[in-house]
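# Curious how this folds, go ahead:
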Amino acid sequence: MKKDGYVLLNLHQESQTFITSRKSLWRSWNQLSRLQRNLICGIASMVGCLIIIYHWRSGMRESYDVRSHKYEGIPVVTQRDFGMFERWEPKGDPKALKFESNVIEEPEARENFKKRVEPLEKPKVEEVLPPPQEIREEKLLNFTLAVNDKQKAVISAFKHAWSGYREFAWGYDHLKPISMKPHDWFRLGLTIVDSLDTMYIMGLTEELMEAREWIANGLNLNKYHDVNLFEVTIRVLGGLLSAYHLTNDNLYLDKAKNLGERLLPCFTGSPSPIPYSDVNLASHTVHSPRWGPDSSTSEVTTLQLEFRDLSRAVDDPKFENAAFKVSHHVHGLPKTDGLVPIFINPRTGQFQSYTDIKLGARGDSYYEYLVKQWIQTGKTIDFLRDDYVEAVAGIRKRLVRRTPKSNLLFIGELKGGTRDFVPKMDHLVCYLPGTLALGYAHGLPEDHLELAEDLMNTCYHTYSERPTFLAPEITYFNLQNDGKSDLYVKMNDAHNLLRPEFIESLWYMYQITGNTTYQDWGWKIFQSIEKYAKVEHGYTSIGNVNNPEDVKPRDMMESFFLSETLKYLYLLFSDDRKLLDVHKFVVNSEGHPLPIHKS
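From the prediction side, this is the model:
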């Protein structure tokens, strides 16, 4: 109906109700306070996000798309995929060694993994394992099987440690030998991987075969678990590469390449040439350590031997290039007479200048890998040698002191910020004499060997002046001419972890100088280990080297005890000084020998 220029529309009753309702809702919304409206919007947003996440995860469960989650050809998996399966272990009687795989992977991910990475297929052990005699014949090409009584004692110690680990912690990282329980750190069977080359050198064919069987069927690298780049590189990557070079078994190389791919994100994910310290082996996410934003200087500069060797072994330069960028970068940073602070930031690529300068924890192996990289590359990279020589001069100038009473030479520390001298030396510093001797053997100045000999004497005193004849973790030196002892130990530092550093230096010094005194010192230390650290099912670190009546066992057998301490003792006691020739092999920071290249 049209009236006076207006059009009257008659709406259905339903439409009128809808309009009235909309007006009522809008009026009610406007009558709410701002706080009420914000709360309602927030709740609605949260509900929407939860719905989206639920549908996304449901889609992931139904169809996993490898192509959208990858790092250089390796599929990224979620914690759901790898966090639920049981640990691999021998079934039934451990002596039967009936191995089964514990690796559970979704079919699509497994198929893409085969296509992209081409790992070694899970072998049938009887088809892949060489017979015992073949291993023994191969061993004769490299190491003598004639052993003396002291070496036999070390072999017996290794077998005792291995037996306890095998019975109570097989497949786990470490053994707690007193409580007879396993201990995990990275869930990578560290004791097994770390011990491969030790068993080969000692001629322990049966033990090596069972370890190799676990590597083939039990070592799962696709773990949704964060690991430390440095520790996994020197222990696992180094252990696999060394086993490959000694046995020529491609199983170890395939595993090493797989691991190297999973560690690379630490380098590629960093905004500077300095890698992040931690990586998840399955998701490939990287980050700084939980305790702060920095990486340890020694850790980021103690990766190059292993990554270079991996590149040379698989003919792929990306591993070597990534790690060597770190050395190039650190070479260009300002230093204090060649000495470096113990922390460096992966975001800025710069040292944290307010931190300590020392050759103990977090600083030690930076200097070690300068000279060892130079040797590994056929002494062809001059800046590595030059930085090392400058650092040794800086050590002499700023860190070396002698005690007034007995004229003992030791290496102290410079306090962060003030650079005040602290007369404190970690047991870790006792690696330095061996490194100095190694450099001398490869043509560096003779005064390096003289410094090594003086420091060896002091390191020996850290053992011989303790009633247990075992060194503490940290020793302090008396610089006052008051007639008191040259060195003393604080109660918190009186523990001994069965570390290898001094034994390592004894071996280097014996091989390079031929001085059998170093063998005698090593034998005394070995006897003390047998007396105070041996327990029914292995060897344990101890809490107090100052009290033979109560050494306070700490119930932990570290993998480096088998990888380094016992290996170096075995080599030290050999009648053949060059059983492991330092002109043919360069030994990484975890005791794993790698070949020297021509360039």
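# Under the pLDDT cut-off, which ranges of the protein? List them.
By pLDDT under 70, the low-scoring segments of the chain are 1-32, 34, 48-142, 144-145.
# Domain ranges for it, per the record?
44-118, 125-595 (automatic domain parsing).
# roughly how far is the longest one from the heart of the chain?
Spelled out, that is domain 125-595. Chain-centre distance of domain 125-595: 10 Å, with C-alpha atoms, centre = their mean, to the nearest Å.
# if we can go back for a sec, for S33, find the nearest of the domains of the chain.
domain 44-118 (16.8 Å; C-beta to C-beta). For glycine as for every other residue, the C-beta is placed from the backbone atoms N, C-alpha and C.
# Can I get the domains of the chain in a markdown table including mean neighbour count?
As requested, these are exported to a markdown table (neighbours: other C-beta atoms under 10 Å):
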| stretch | mean neighbour count |
| --- | --- |
| domain 44-118 | 13 |
| domain 125-595 | 20 |
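# Now distance to Q36 too, for these, in a markdown table please.
Shown next, in a markdown table, are the domains of the chain (distance: least, C-beta to C-beta, whole Å):
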| stretch | distance to Q36 |
| --- | --- |
| domain 44-118 | 13 |
| domain 125-595 | 40 |
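# Which helix or which strand is home to the most centrally placed residue in the chain?
Nearest to the geometric centre of the chain sits E231, at 0.7 Å (C-alpha atoms, centre = their mean). In this structure, E231 sits in helix 229-232 according to DSSP states H and E.
# Give the next helix or strand downstream of that helix.
helix 238-247.
# I'd like the distance between P467 and N546.
Distance of P467 to N546, given as C-beta to C-beta, to the nearest Å: 6 Å.
# which other helices and strands contact the helix holding E231?
helix 250-263, helix 297-300 (3 or more C-beta pairs under 8 Å, 6 or more residues apart in numbering; DSSP states H and E).
# how does it look with 10 Å?
helix 190-202, helix 250-263, helix 265-268, strand 278-280, strand 295-296, helix 297-300 (3 or more C-beta pairs under 10 Å, 6 or more residues apart in numbering; DSSP states H and E).
# so F469 makes contact with P548?
Yes. F469 is within contact range of P548, at 9.1 Å (criterion: C-beta atoms under 10 Å).
# For these two, list the residues in contact with both.
528, 531-532 (C-beta atoms under 10 Å, 6 or more residues apart in numbering).
# Where do the strands of the stretch 251-400 of the chain begin and end?
278-280, 286-287, 295-296, 343-344, 400-402 (DSSP state E, counting those that start in this stretch).
# For I40, the count of nearby residues, please.
For I40, the tally of surrounding residues (other C-beta atoms under 10 Å) stands at 12.
# and it, what element?
helix 34-62.
# Check F410 too.
Counting by DSSP H and E, F410 is part of strand 409-411.
# Against which helices or strands is that strand packed?
Using 3+ C-beta pairs under 10 Å, 6+ apart: strand 409-411 touches helix 382-398, strand 400-402, strand 424-426, helix 446-464, strand 474-477.
# Of those, which is nearest D278?
Smallest distance to D278 across the helices and strands packed on strand 409-411 (C-beta to C-beta): 23.4 Å, for strand 424-426.
# could you give the angle of the next helix or strand after that closest one to helix 382-398?
Once strand 424-426 ends, the next helix or strand along the chain (criterion: DSSP H and E) is helix 432-441. Going by axes from the mean of the first three to the mean of the last three C-alpha atoms, to 10 degrees, helix 432-441 is angled at 130 degrees with respect to helix 382-398.
# now for helix 432-441, which elements pack on it?
Using 3+ C-beta pairs under 10 Å, 6+ apart, helix 432-441 sits against helix 364-376, helix 382-398, helix 446-464, helix 501-513, strand 585-587.
# re earlier: export the helices and strands packed on helix 229-232 as JSON lines, with columns for distance to E558.
Below are the helices and strands packed on helix 229-232 laid out as JSON lines (distance: least, C-beta to C-beta, whole Å):
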{"stretch": "helix 190-202", "distance to E558": "9"}
{"stretch": "helix 250-263", "distance to E558": "21"}
{"stretch": "helix 265-268", "distance to E558": "24"}
{"stretch": "strand 278-280", "distance to E558": "20"}
{"stretch": "strand 295-296", "distance to E558": "18"}
{"stretch": "helix 297-300", "distance to E558": "17"}
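# circling back to that earlier point, which one of the helices and strands packed on helix 432-441 lies nearest to L408?
So among those, helix 446-464 is nearest, using C-beta to C-beta, at 4.7 Å.
# Could you check the angle the closest one makes with helix 432-441?
Calculated by the same axes, to 10 degrees, helix 446-464 forms an angle of 160 degrees with helix 432-441.
# Need the helices and strands packed on helix 432-441 in JSON lines (columns: distance to L204).
Output for the helices and strands packed on helix 432-441, formatted as JSON lines (distance: least, C-beta to C-beta, whole Å):
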{"stretch": "helix 364-376", "distance to L204": "27"}
{"stretch": "helix 382-398", "distance to L204": "35"}
{"stretch": "helix 446-464", "distance to L204": "28"}
{"stretch": "helix 501-513", "distance to L204": "19"}
{"stretch": "strand 585-587", "distance to L204": "19"}
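# Which of those sits closest to S406?
helix 446-464 (8.1 Å).
# can I get the CA coordinates of that closest one in PDB?
The C-alpha trace of helix 446-464 is given here as PDB (Å, rounded to 0.1, in the frame of the first residue of the first chain):
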ATOM      1  CA  GLU A 446     111.000 -27.500  22.600                       C
ATOM      2  CA  ASP A 447     110.000 -25.100  25.500                       C
ATOM      3  CA  HIS A 448     106.500 -26.500  25.000                       C
ATOM      4  CA  LEU A 449     107.800 -29.900  26.100                       C
ATOM      5  CA  GLU A 450     109.700 -28.300  29.100                       C
ATOM      6  CA  LEU A 451     106.400 -26.700  30.200                       C
ATOM      7  CA  ALA A 452     104.700 -30.000  29.900                       C
ATOM      8  CA  GLU A 453     107.300 -31.800  32.000                       C
ATOM      9  CA  ASP A 454     107.000 -29.200  34.800                       C
ATOM     10  CA  LEU A 455     103.200 -29.400  34.800                       C
ATOM     11  CA  MET A 456     103.300 -33.200  34.800                       C
ATOM     12  CA  ASN A 457     105.200 -33.100  38.000                       C
ATOM     13  CA  THR A 458     102.600 -30.900  39.600                       C
ATOM     14  CA  CYS A 459      99.700 -33.000  38.400                       C
ATOM     15  CA  TYR A 460     101.400 -36.100  39.900                       C
ATOM     16  CA  HIS A 461     101.600 -34.300  43.200                       C
ATOM     17  CA  THR A 462      97.800 -33.800  43.200                       C
ATOM     18  CA  TYR A 463      97.600 -37.600  43.300                       C
ATOM     19  CA  SER A 464     100.600 -38.500  45.500                       C
END
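# Make 55 the starting number, not 1.
From this message on, residue numbering opens at 55, which makes the last subject helix 500-518.
# list the contacts for E261?
Here E261 is in contact with 212-213, 216-217, 220, 246, 249-250, 252-254 (C-beta under 10 Å, 6+ apart).
# Kindly indicate which of those residues lies nearest D369.
Among those, and counting by C-beta to C-beta, the member closest to D369 is L250, at 22.9 Å.
# need the contact list for the spatially closest residue to the closest one that is not a sequence neighbour.
Taking C-beta to C-beta, 6 or more residues apart in numbering, and ignoring the residues beside it in sequence, L250 has A297 as its nearest neighbour in space, at 4.0 Å. The neighbours of A297, taking C-beta under 10 Å, 6+ apart as the test, are 247, 249-251, 253-254, 262, 265-266, 269, 303, 305-307, 309-310, 646.
# Is S617 in contact with W216, as I believe?
No. Using C-beta under 10 Å, S617 makes no contact with W216, being 11.9 Å away.
# between those two, what contacts are shared?
Any residue near both S617 and W216 by C-beta under 10 Å, 6+ apart counts here, and that gives 245, 249, 252.
# State the distance from the first one to T431.
So the one you mean is T245. 31 Å.
# what about L625, helix or strand, and which?
helix 620-626.
# give the contact list for the closest residue to Y624 other than its chain neighbours.
Excluding its sequence neighbours, the residue lying closest to Y624 (C-beta to C-beta, 6+ apart) is V208, at 4.6 Å. V208 is in contact with 201, 252, 256, 576-577, 580, 619-627, counting by C-beta under 10 Å, 6+ apart.
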